[in-house]
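Asker: need coordinates for the below:
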Amino acid sequence: MSTQHGDPGHGDSPAAWTAVVVMLLGIAAGTVFFFLHNAAMVWVCVGVVIVGALLGWILSKAGFGVNGPKYSPQTHD
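Answerer: Down below sits the predicted model:
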């Protein structure tokens with residue numbers, strides 16, 4: 001069974017990883033602040049999640065997305 005199928009990796013790029021890591025940190029911190037009843041910091045973490053999404057989009061437009069010129073896919077042997 002061959003694993004070579006020409007799939008670009010479903011967003012396995014620096015832009016995608018950066019966005020996901022920033023958003024996960026925002027969600028994790030927001031969850032902690034929610035349980036600590038700190039509404040102001042929960043809203044700050046909502047902002048961090050939004051910034052993470054924007055950062056992924058900006059990096060993708062800058063060429064660090066899957067089809068961008070600055071992205072070099074790595075082989076999975």
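
Asker: what helix or strand does the nearest residue to residue 15 once chain neighbours are set aside sit in?
Answerer: In space, and not counting its chain neighbours, residue 15 is closest to residue 59: 3.6 Å by Cβ to Cβ, 6 or more residues apart in numbering. (Glycine included, C-beta is placed from N, CA and C.) Using DSSP states H and E, residue 59 falls within helix 39-59.

Asker: elements contacting that helix?
Answerer: helix 14-35 (3 or more Cβ pairs under 8 Å, 6 or more residues apart in numbering; DSSP states H and E).

Asker: any low-confidence regions in the chain?
Answerer: Along the chain, the model assigns pLDDT under 70 to residues 1-11, 73-77.

Asker: how about residue 60, what does it touch?
Answerer: For residue 60, the contacting residues are 13, 15-16, 68, by Cβ atoms under 8 Å, 6 or more residues apart in numbering.

Asker: just how off-centre is stretch 21-34 within its chain?
Answerer: 13 Å (Cα atoms, centre = their mean, to the nearest Å).

Asker: got it, and stretch 54-72?
Answerer: 11 Å.

Asker: what comes up buried for it?
Answerer: Buried positions in stretch 54-72, judged by neighbour count with 16 or more other Cβ atoms under 10 Å: 55-56, 59-60, 64-66, 68, 71.
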